[in-house]
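*Asks:* Here is a sequence with its predicted model. Questions after.
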Amino acid sequence: MGANKTIAAGLLLGAVCGGALAQDAVDPAELARIIARHPAWAAWLADPALAKLTLAGPKLPHSPWRVADIRRPQPPAVDTGTACAGKTPNNPPGDADVLFDGKDLSHFTSDHMAEWSLENGVLVAGGRVYNFLRTRQSYGDAQIHLEWKTPAQPNPPVNPQRRGNSGVFPMGLYEIQILDSHTTDTYPDGMAGSIYSQTPPLVNATRPPGVWQCYDIIFRAPRFDGEKVVSPARVTAFLNGVLVQDDTALIGATVHGKVAAYAPHAAELPLAIQDHGNPESRVAFRNIWVRRLSPR
């Protein structure tokens, strides 16, 4: 294995077997195999909290994998062409609610509004306080478009989840992840293009930090009859023009490190954008619009 890998495996094994994992134990031989296959993971897996999250989370329903499982196969990378990569964003459709066109934030509200700034017509997250920017209007079934750019990472953090982390949340509840996933592996249901902690993207369609990227999302809101889920939320999503979620049924509202579940809520709720609250996650946004969709 090599001395450095042996040391890393020992650190990780100590964290795991020393009580850091509240779920199932992880086999020492498997830990060694994980580090041998992915030596770049050794440092951040030595963090007990990250080891617990990515190796011993709860099992997902109807799946052989756990929540945030790094052993889940990484989606293949694809060349995305030039969709949404230009300096000038495309014009929105005529029936769209234009939420941000570079001029002001009048369509949004937040408990931490001062953490969001306008810089040369671009919306930028503050990267200091975990918070959300929410639309003043509420939406249910919707087509959502937004363009985003992760910051350069001259000194990449050990934890890949700190690299340009953000997310777009239809109804403020269901996250489609934003992250610098271009050349850095993380747990597949936490990479860009994923339904966070639920479903990885079909492919890795991300671009490097500092390059504009775009989401086009069709979101179908869940339907409830009292406490019963009549139909789950569903997401079709294109990242940089490439299909990454194909009418994916969600198992519930986004939750970190746990299995998602539904709780009845209103038919329409505000759309939200996440500020992850760490300096490496000052994600930039432009050209944000929403189209209301008729129920199917």
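*Replies:* Alright, I've got the coordinates.

*Asks:* Quick one: the helices in this structure, in order.
*Replies:* 3-15, 28-37, 42-45, 48-55 (DSSP state H).

*Asks:* Give me the helices and strands touching the shortest one, please.
*Replies:* Packed against helix 42-45, as judged by 3 or more C-beta pairs under 8 Å, 6 or more residues apart in numbering; DSSP states H and E, are the following elements: helix 3-15, helix 28-37, helix 48-55. Just so you know, the C-beta spots here come from the backbone N, C-alpha and C atoms, and that holds for glycine as well.

*Asks:* pLDDT on the longest one, on average?
*Replies:* Looking back up the chat, that one is helix 3-15. Averaged over helix 3-15, pLDDT sits at 41.

*Asks:* Bridged to the residue nearest to the spatial centre of the chain, which residues?
*Replies:* Residue closest to the mean C-alpha point of the chain, counted by C-alpha atoms, centre = their mean, is Gln177 at 1.6 Å. Beta bridges link Gln177 to Gly167 when assigned by DSSP bridges.

*Asks:* Where does pLDDT dip in the protein?
*Replies:* For the chain, the stretches with pLDDT under 70 are 1-27, 88.

*Asks:* give me every residue that touches the residue nearest to the centre of the chain.
*Replies:* If you count contacts by C-beta atoms under 8 Å, 6 or more residues apart in numbering, Gln177 has them with Asn165, Gly167, Gly190, Met191, Ala192, Gly193, Ser194, Ile195, Tyr196.

*Asks:* Now tabulate the residues you listed in CSV and tack on distance to Arg128 and neighbour count.
*Replies:* Listed next are the contacts of Gln177 as CSV, based on distance: C-beta to C-beta, whole Å; neighbours: other C-beta atoms under 10 Å:
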residue, distance to Arg128, neighbour count
Asn165, 13, 27
Gly167, 17, 22
Gly190, 22, 26
Met191, 24, 25
Ala192, 22, 29
Gly193, 26, 29
Ser194, 25, 26
Ile195, 27, 24
Tyr196, 22, 23
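
*Asks:* quick one: which of these is nearest to Ala249?
*Replies:* The shortest approach to Ala249 among those belongs to Ile195, at 9.5 Å (C-beta to C-beta).

*Asks:* Would you check how far apart the closest one and Thr109 are?
*Replies:* Per C-beta to C-beta, to the nearest Å, Ile195 is found 25 Å from Thr109.

*Asks:* Repeat that for Val124.
*Replies:* Distance of Val124 to Thr109, computed by C-beta to C-beta: 17 Å.

*Asks:* who's more crowded, the two?
*Replies:* Each of Val124 and Thr109 has its neighbours counted (other C-beta atoms under 10 Å); Val124 has more, 18 against 13.

*Asks:* Show me what that one is bridged to.
*Replies:* With DSSP bridges as the rule, Val124 is bridged to Ser117, Ala284.

*Asks:* OK, contacts around it?
*Replies:* So Val124 contacts Trp116, Ser117, Leu118, Arg282, Val283, Ala284, Phe285 (C-beta under 8 Å, 6+ apart).

*Asks:* Tell me how far the residue lying closest to Phe132 once chain neighbours are set aside lies from Ala263.
*Replies:* Spatial nearest neighbour of Phe132, excluding adjacent residues (C-beta to C-beta, 6 or more residues apart in numbering): Ala272 at 4.4 Å. As judged by C-beta to C-beta, Ala272 and Ala263 stand 17 Å apart.

*Asks:* These two: which is more packed in?
*Replies:* A direct count of neighbours by other C-beta under 10 Å for Ala272 and Ala263 places Ala272 higher, at 21 against 10.

*Asks:* so Ile178 sits right up against Phe169, yeah?
*Replies:* No - assessed by C-beta atoms under 8 Å, Ile178 is found out of contact with Phe169, at 10.5 Å.

*Asks:* which neighbours do those two share?
*Replies:* With C-beta under 8 Å, 6+ apart, Ile178 and Phe169 have common neighbours Gln274.

*Asks:* Okay, buried residues for stretch 50-68 please.
*Replies:* Neighbour-count burial for stretch 50-68 flags 50-57, 60, 65-68 (criterion: 16 or more other C-beta atoms under 10 Å).
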